[in-house]
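[1] give the three-dimensional model of this entry:
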Amino acid sequence: MLKLLGRLTALLVLGAAIAAGWIFYPEIEQFFRQRFAPKTEEAPAPDLNQYLLLISELHAHRQRLLLEYQQAATDEERESVLLSTRALLEGALPALMECWLGTPWDFNGTAHQPGPDKVACGYFVSSVLQDAAFNIEWAPLAQQPSQNILGTFLPEEEMHIRVDTDYERFVDEVLSFGPGIHIVGLDSHVAFLVAQPNGTIRFIHSSGSSPWCVVDENRTTAHTLQRSRYRVFGNLTANQDVLAAWLTQQPFPTKKN
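    Next up is the predicted model:
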């Protein structure tokens, strides 16, 4: 554990020093993927033990970054800490989501952790965010329409609504905003969309179609994303207010109609 913490700490310190935290995003993502990703080609199974370990490590690094943020004397120093915060979340959140893979779906599922209990799409999104130390209202957020879930974190000008947009054009547009962790709302669904620095996407969600569980899909296999006529999306980790609120544990009041 100490060795793992030391390695990630070194990466984050390097990022702060050069004031470009997400430059080393691939190293952080590789670290988390090697530590937490499924190790075989078999269908992934939920992994609660790894999930809890990842949560513990992520929270420890948040505390360290919070101290740096509080001690920052200039806007440039605070921005550097936020860049490192972005790098941390963009590496850690997908790894945390991976621990849910194989958790069964149910329309009324309210599972709060990976395992045999069933989880609906909204509760999957809400649980991942809460366990990653976003100060949210777990059940009220999960029960909202997808646009309200996204609006809980981002202002309207950063929420992009598309109707009947060609799928390939839509994905290209998402990627044009750069790397990040998006929340995506569809006709009757909500999910995470991870835009990666290499120009690919990962669509991670609790799927109400085959195989009826939490899945990690790519651009080609994300059929639910392809079929939806309505799409709303926004990049959580590109917003500095979201990053600062995560660091300082400010609450995200649930947006309601």
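
[2] phi, psi of C121?
    Per-residue torsions, C121: phi -60, psi -40 (degrees, to the nearest 10).

[3] should've said T200
    Main-chain dihedrals, T200, degrees, to the nearest 10: phi -110, psi 170.

[4] let me see the contact set for it.
    T200 makes contact with 218-219 under the criterion CB atoms under 8 Å, 6 or more residues apart in numbering. Every residue, glycine included, has its C-beta placed from N, CA and C.

[5] give me the mean pLDDT for stretch 148-156.
    The average pLDDT within stretch 148-156 is 97.

[6] same check on stretch 128-143?
    For stretch 128-143, the mean per-residue pLDDT is 98.

[7] which phi and psi does D216 have?
    With angles defined as degrees, to the nearest 10, D216 sits at phi -120, psi 110.

[8] quick one: low-confidence ranges for the protein?
    Across the chain, the ranges flagged by pLDDT under 70 are 1-42.

[9] show me where it has helices.
    2-18, 25-36, 48-71, 75-98, 121-131, 138-142, 146-151, 167-176, 223-227, 240-248 (DSSP state H).

[10] can you give me the angle the last one makes with helix 48-71?
    Counting by axes from the mean of the first three to the mean of the last three CA atoms, to 10 degrees, helix 240-248 points 100 degrees away from the direction of helix 48-71.

[11] tell me what helix 240-248 is packed against?
    Counting contacts by 3 or more CB pairs under 8 Å, 6 or more residues apart in numbering; DSSP states H and E, helix 240-248 is packed against helix 48-71, helix 75-98.

[12] re earlier: just the helices of the chain: most buried one?
    Comparing the helices of the chain by mean neighbour count (mean count of other CB atoms under 10 Å), helix 121-131 ranks first with a mean of 24.

[13] chain center to that helix: distance?
    In this view, helix 121-131 has its centroid 10 Å away from the chain centroid, taken as CA atoms, centre = their mean, to the nearest Å.

[14] equivalent analysis for stretch 194-211, please.
    With CA atoms, centre = their mean, you get 11 Å for stretch 194-211.

[15] export it as CSV, just CAs?
    Written as CSV, here are the backbone C-alpha positions of stretch 194-211 (Å, rounded to 0.1, in the frame of the first residue of the first chain):
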residue,chain,number,x,y,z
VAL,A,194,-14.9,8.7,-20.7
ALA,A,195,-13.1,10.7,-23.4
GLN,A,196,-9.5,9.5,-23.6
PRO,A,197,-6.4,11.4,-24.7
ASN,A,198,-5.9,8.9,-27.5
GLY,A,199,-9.2,9.9,-29.2
THR,A,200,-11.2,6.9,-28.1
ILE,A,201,-14.3,6.7,-25.8
ARG,A,202,-15.5,4.4,-23.1
PHE,A,203,-19.2,4.2,-22.4
ILE,A,204,-19.6,2.8,-18.9
HIS,A,205,-23.1,2.2,-17.6
SER,A,206,-25.6,-0.1,-16.0
SER,A,207,-27.2,-1.5,-19.1
GLY,A,208,-30.9,-2.3,-19.4
SER,A,209,-30.2,-4.5,-22.4
SER,A,210,-28.0,-7.5,-23.0
PRO,A,211,-25.9,-8.5,-21.0
